[in-house]
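Novice: Predicted model, plus sequence, below.
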There are 2 protein chains.
Amino acid sequence: MGTLRSMVTPRTTPRRPDDLTLEVVDLIGSVVARYHEEYEEAAAGHTLTGAQARLLSLLSLEPLPMRKLAQRLKCEPSNVTGIVDRLESRGLVERRPDPADRRVKLAAATAEGRRVARSLQDSLRFAREPLAGLSEAERLALRDALRRMLREG
Amino acid sequence: MGTLRSMVTPRTTPRRPDDLTLEVVDLIGSVVARYHEEYEEAAAGHTLTGAQARLLSLLSLEPLPMRKLAQRLKCEPSNVTGIVDRLESRGLVERRPDPADRRVKLAAATAEGRRVARSLQDSLRFAREPLAGLSEAERLALRDALRRMLREG
DNA sequence: CATGGTTGTTTCAGTTAATGAAGTATTTCG
DNA sequence: CGAAATACTTCATTAACTGAAACAACCATG
């Protein structure tokens, strides 16, 4: 069906990605799936949900106001309230007043929270294993390609 | 960067990933985030949730029993029931009996469902844009690296 | 061929994530 | 000062997800 058309009108479809591009997109889809799988798995290993793990990771670096958390997680502030509530009830996160602005509440990881975040990072290190199959040169090429891909948009 | 360390202690840190690997992992994290963002966006453009879009995409290729859907989506069968319910109530999917086994119900995309799935694919094609910045040689190298990464595990 | 175990699906109860609309403080600025 | 904007919470609602229980149909095996 399509073969005849492509023989007759070889250059009328400028937007149609070539087979190589399609394959690469497909591969990226697989990498995305695998990354997610392992992330959720690592989180579950600490009895955390994905959203909780992501938020805790952010806070392990520095305390942040709720509104900033919402921005980083790309969700509504009211949603962050619940996630922080659950982490707080487990003693992994605490709320502090911001001395500079009494409206804002800073969410901060507790010592225990940081410990869990670190352990999470380590178990996620497992996600790096696939890279072990690549030579240094390949990893360099991969880095450059990914950098360029992300540079756009 | 990591060169000095690797010269001094070439075999004492077998598990600790080098800086290059860490950077690549980080870049993959960004690609994952971007991919998801665009996928959810494309789904939302059709008033579908991510889970619904994923399920519909699977069904656009071939009808599948509920249990197979659960396996593909890596979730419990009871969950699939709800997602299919919602898609069915919108006329995008239908349930048919499996002639070979009266226990199983095949979920199948309707004509409208296939149309939506195709349109979804097309808007997701936007996700391929980042690849446009790469030369053919780079895309080839990227493909090979990704293939090898996924080969393991 | 009966019957007991297994499989495929659904229902139900419960948790989490997420949004959007109010509502309450607090800050900022005309 | 007073009005508008900002930060957070609460509430109602929907979806995704899990695990347990129920039900029907399949399939062995004695």
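Specialist: That came through, no problem. Numbering: from 1, shown residues only, chains lettered A, B, ... in the order given.
Novice: Which residue is the nearest non-sequential neighbour of the residue nearest the centre of chain A?
Specialist: Using C-alpha atoms, centre = their mean, the residue of chain A that lies closest to the mean C-alpha position is A:R54, 7.6 Å off. Take A:R54 and drop its neighbours on the chain: the residue closest to it by C-beta to C-beta, 6 or more residues apart in numbering or on different chains is A:L73, 6.5 Å away. No exception for glycine: its C-beta is placed from N, CA and C like everyone else's.
Novice: just A:L55 next, same as before
Specialist: A:L55 sits nearest to A:I83 (C-beta to C-beta, 6+ apart), 5.4 Å away.
Novice: tell me which element that neighbour is part of?
Specialist: Here A:I83 sits within helix A:77-89, counting by DSSP states H and E.
Novice: residues making contact with that helix?
Specialist: Helix A:77-89 has contacts (C-beta atoms under 8 Å, 6 or more residues apart in numbering or on different chains) with A:51-52, A:55-56, A:66-67, A:69-70, A:73, A:93-95, A:107, A:113.
Novice: Selecting buried members of those in PyMOL, what would you type?
Specialist: Applying 16 or more other C-beta atoms under 10 Å in any protein chain shown to the contacts of helix A:77-89 leaves a buried subset, and the PyMOL line that selects it is:
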select buried, chain A and resi 51+52+55+56+66+69+70+73+93+94+107+113
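Novice: For A:V32, see how far away the residue nearest to A:R54 is.
Specialist: Distance of A:L73 to A:V32, computed by C-beta to C-beta, to the nearest Å: 18 Å.
Novice: now do A:I83
Specialist: Distance, A:I83 to A:V32, by C-beta to C-beta: 23 Å.
Novice: neighbour-wise, which of those two wins?
Specialist: Ranked by neighbour count (other C-beta atoms under 10 Å in any protein chain shown), A:I83 and A:V32 place A:I83 first, with 22 against 18.
Novice: Any idea how far the helix or strand in which the residue nearest to the centre of chain A is found is from the middle of the chain?
Specialist: Using DSSP H and E, the element containing A:R54 is helix A:50-61. Mean-position distance between helix A:50-61 and its chain equals 10 Å (C-alpha atoms, centre = their mean, to the nearest Å).
Novice: for stretch A:41-51, same thing?
Specialist: In this view, stretch A:41-51 has its centroid 14 Å away from the chain centroid, taken as C-alpha atoms, centre = their mean.
Novice: ok, back up a step: give me the angle between the next helix or strand after the helix holding A:I83 and helix A:50-61.
Specialist: The element immediately downstream of helix A:77-89 (helix or strand, assigned by DSSP H and E) is strand A:93-98. Relative orientation of strand A:93-98 and helix A:50-61, computed by axes from the mean of the first three to the mean of the last three C-alpha atoms, to 10 degrees: 50 degrees.
Novice: Adjacent strands (with direction) for the longest strand along chain A?
Specialist: Counting by DSSP state E, the longest strand found in chain A is strand A:101-109. As defined by DSSP bridges, the strand partners of strand A:101-109 come to strand A:64-65 (antiparallel), strand A:93-98 (antiparallel).
Novice: now what about the last one, what contacts it?
Specialist: Spelled out, that is strand A:93-98. By C-beta under 8 Å, 6+ apart, the surrounding residues in contact with strand A:93-98 are A:55-56, A:59, A:63, A:65, A:84, A:87-88, A:104-110, A:113.
Novice: So it, near DNA strand C or not?
Specialist: No. Under the criterion of C-beta under 7 Å from any atom of the strand, DNA strand C is not reached by strand A:93-98; the shortest gap measures 8.6 Å.
Novice: now that strand and helix A:77-89, what's the angle there?
Specialist: With the same axes, to 10 degrees defining the directions, strand A:93-98 sits at 120 degrees from helix A:77-89.
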